[in-house]
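Student: here's my sequence, what's the structure:
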Amino acid sequence: MADKKKKIFLSKESSAPKRPVILKSDRDTTKDPPKEKEKPPTIILKTREQSAPKEERPLSPNVQAAENEGPQPSKIAQNENKEKKTIEQKPSAPLKYMTEPVKLLDENLEFNSAALEFLHDSSINYLVVGIIGTQGVGKSMIGNLIAQNNPIPDLCTQILNSHEIPNNLSFDGNDVSSLENQIDGLHFYETPETNGTNGKVESSFFKFKMQDIDQIERGVHCTKGVDMYVTTDRVILLDCQALWSPALIEETNINPITARSGNVVTVDCLQVASFLMAICHVLVAVQDWFTDYNFIRYLQTAEMLKPSLSASSSASSEEASSGESHPHLLLLHNRCQLEDYTPEAVKTMQDLYRKAFQKSSLQLNSGMYMYSDSNRNGLSADCQGCSLDTCGPPLNLFLLPEIYDDFDNQEIYRGHPTFEELSKRLRWMVLGVHRHPITNVPNLSERSWFQYCAKAWETIRKCTFFMEYERFLP
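Tutor: Below is the predicted model:
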């Protein structure tokens, strides 16, 4: 009976529809009863203490947040504009002119930074002229001719007297060591001269020291390392030491002196020549006769061993080599004779140099030559009929005559213009040459050029090309 009731009860539940059970979610929050509005707190403002310094005064929260956030771009731009205005308002430092040359490379071929104070960041219109050659060819004299802004009175007399030793020096004939020390300590280019008009003492016209008769007789070179002089019209002159001079072997720290000592000096001179090729606009190669084939081969070797110097590290090697500039090469013959000024001799010189440097990257057609080119680059005097028809297409070749004691005798036939006219024309051509950019950095200032020189010399000294070349020398 109980089972039947149970069955009936189950049937009733199954017949009735089931209602879904809705559980209460945890997300539902009970609504809080409305709170009473809180009253704003009472803030008591403290008066600013006028006696306290500005740094110790309390800051507002907005100012503290701005300081914590760091500098804002708008304020940075305003500060930069203010700095630019202050820089523009500041007067530029006065130009410091040189009175005598300083060492760019000393006698040990170490780079010297003493010349940096004579260079300026604002100057980009400058000209760098390097002078190389063997011993006693007149490199320092060429530098003195280019360095003069005003014409030198009695130029030939001044050059002839520069080789003489002053008579007011008294030496003891038995003391040879003191004689050598006193001669080495002489500075003839700094000897003061008295002007007859106003009685004032003026410095010598020549800036670079030239060889005297004693140094010529002893076979000693005058310039050691590389001398640097900056003229008032921003021409940077670099006077190089003699190439392959036997006196360099004695002055170097090579001990003991062996057969390889000459090779070490040769490599040092090659590094100096490559250094001048890398930092100069114009490279003047001086000879005193036509021609030394070893000197031509020396220039070719220095150009071959010169490493690629790029001021931009991001540039590729191909772009650096293609964008690297090469100096204007001026082949200058000093102490020329009468027969050197004939059209046949000039044509022979030009043909030889044109064939010798046909594969060179040095610029040989820069307009630095003697005779007229379609009346655009002519002299006021005639050079024995040298012209475009008789001598052929010109290249950078210039001839300076030898100065004799009878230079002022007008009755003697010279066959060329006077030394004063040729020296004036030489300076005019060198200063008027095209000033190409030395590096791939545009508008390189004088100070930046000096820093580039330091990096270039360091690169050349560490370059393995020169060491490998020394191994193949006899």
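Student: so how far is L237 from S113?
Tutor: Using CB to CB, to the nearest Å, one gets 18 Å for the distance from S113 to L237. Any C-beta I mention is one placed from the backbone N, CA and C, and that applies to glycine too.
Student: and those two? Which one has more around it.
Tutor: In this view S113 and L237 are compared by other CB atoms under 10 Å, and L237 has more residues nearby, 26 against 12.
Student: now the more buried one, what's its secondary structure?
Tutor: Secondary structure assignment for L237 (DSSP: H, G, I helix; E, B strand; the rest coil): strand.
Student: mind listing what the closest residue in space to F357 that isn't next to it in sequence touches?
Tutor: Spatial nearest neighbour of F357, chain neighbours left out: L364 (5.7 Å); criterion: CB to CB, 6 or more residues apart in numbering. Residues in contact with L364 (CB atoms under 8 Å, 6 or more residues apart in numbering) are 329, 331, 353-354, 357, 395-396.
Student: pLDDT check: weakest of the residues you listed?
Tutor: Among those, L395 carries the weakest pLDDT, at 92.
Student: quick one: contacts for that one?
Tutor: 331, 350, 353-354, 364-365, 369.
Student: could I get the helix or strand hosting G143 in PDB with only the CA atoms?
Tutor: Taking DSSP states H and E as the criterion, G143 maps to helix 139-147. What follows is helix 139-147, C-alpha atoms only, in PDB (Å, rounded to 0.1, in the frame of the first residue of the first chain):
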ATOM      1  CA  LYS A 139     111.800  73.800 -50.000                       C
ATOM      2  CA  SER A 140     112.000  76.400 -47.300                       C
ATOM      3  CA  MET A 141     112.600  79.100 -49.800                       C
ATOM      4  CA  ILE A 142     109.500  78.100 -51.800                       C
ATOM      5  CA  GLY A 143     107.500  78.200 -48.600                       C
ATOM      6  CA  ASN A 144     108.800  81.700 -47.800                       C
ATOM      7  CA  LEU A 145     107.800  82.900 -51.300                       C
ATOM      8  CA  ILE A 146     104.200  81.700 -50.900                       C
ATOM      9  CA  ALA A 147     103.900  83.000 -47.300                       C
END
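Student: other SSEs contacting the following helix or strand past that helix?
Tutor: Sequence order places helix 155-161 as the next helix or strand after helix 139-147, per DSSP H and E. Under the contact definition 3 or more CB pairs under 8 Å, 6 or more residues apart in numbering; DSSP states H and E, helix 155-161 sits against helix 419-431.
Student: for the helix it packs on, buried residues please.
Tutor: Within helix 419-431, the residues scored as buried using 16 or more other CB atoms under 10 Å are 419, 422-427, 429-430.
Student: do the same with stretch 270-289
Tutor: 270-288.
Student: end-to-end on that stretch?
Tutor: 21 Å (CA to CA, to the nearest Å).
Student: ok, stretch 209-219 next?
Tutor: OK, stretch 209-219 end separation, CA to CA: 16 Å.
Student: mean confidence (pLDDT) on it, please.
Tutor: The model assigns stretch 209-219 a mean pLDDT of 84.
Student: could you do stretch 417-428 as well?
Tutor: In this model, stretch 417-428 has an average pLDDT of 90.
Student: residues in contact with it?
Tutor: Outside stretch 417-428, the residues that reach it (CB under 8 Å, 6+ apart) are 142, 145-146, 148, 151, 155-156, 332, 370, 379-381, 383, 398-401, 403, 407, 416.
Student: buried ones among these?
Tutor: 142, 145-146, 148, 155-156, 332, 370, 383, 398-401, 407, 416.
Student: where do the helices sit along the stretch 101-250 of the chain?
Tutor: Taking DSSP state H, counting those that start in this stretch as the criterion, the stretch 101-250 of the chain carries its helices at 139-147, 155-161, 176-184, 213-218, 246-251.
Student: where does I257 sit: helix, strand or coil?
Tutor: coil.
Student: actually, S325.
Tutor: S325 is classified as coil under three-state DSSP.
Student: same question for the one 4 residues further on.
Tutor: In three-state terms, and counting by three-state DSSP, L329 is strand.
Student: and it, how many residues sit next to it?
Tutor: By other CB under 10 Å, neighbour count at L329 equals 24.
Student: please name the residues that touch it.
Tutor: Neighbouring residues of L329 by CB under 8 Å, 6+ apart: 283, 285, 299, 357, 360, 362-364, 396.
Student: those residues in helices, which ones?
Tutor: Assigned to helices by DSSP state H, the following of the contacts of L329 qualify: L299.
Student: and the gap between the residue lying closest to K224 once chain neighbours are set aside and D268?
Tutor: Of all residues not flanking K224 in the chain, E107 sits nearest, at 4.1 Å (CB to CB, 6+ apart). Distance, E107 to D268, by CB to CB: 11 Å.
Student: and these two? Which one has more around it.
Tutor: More neighbours surround D268 than the other of E107 and D268, with 18 against 13 (other CB under 10 Å).
Student: was I right to think the more buried one contacts L109?
Tutor: Yes: applying CB atoms under 8 Å as the test, D268 and L109 come out as touching, 6.1 Å apart.
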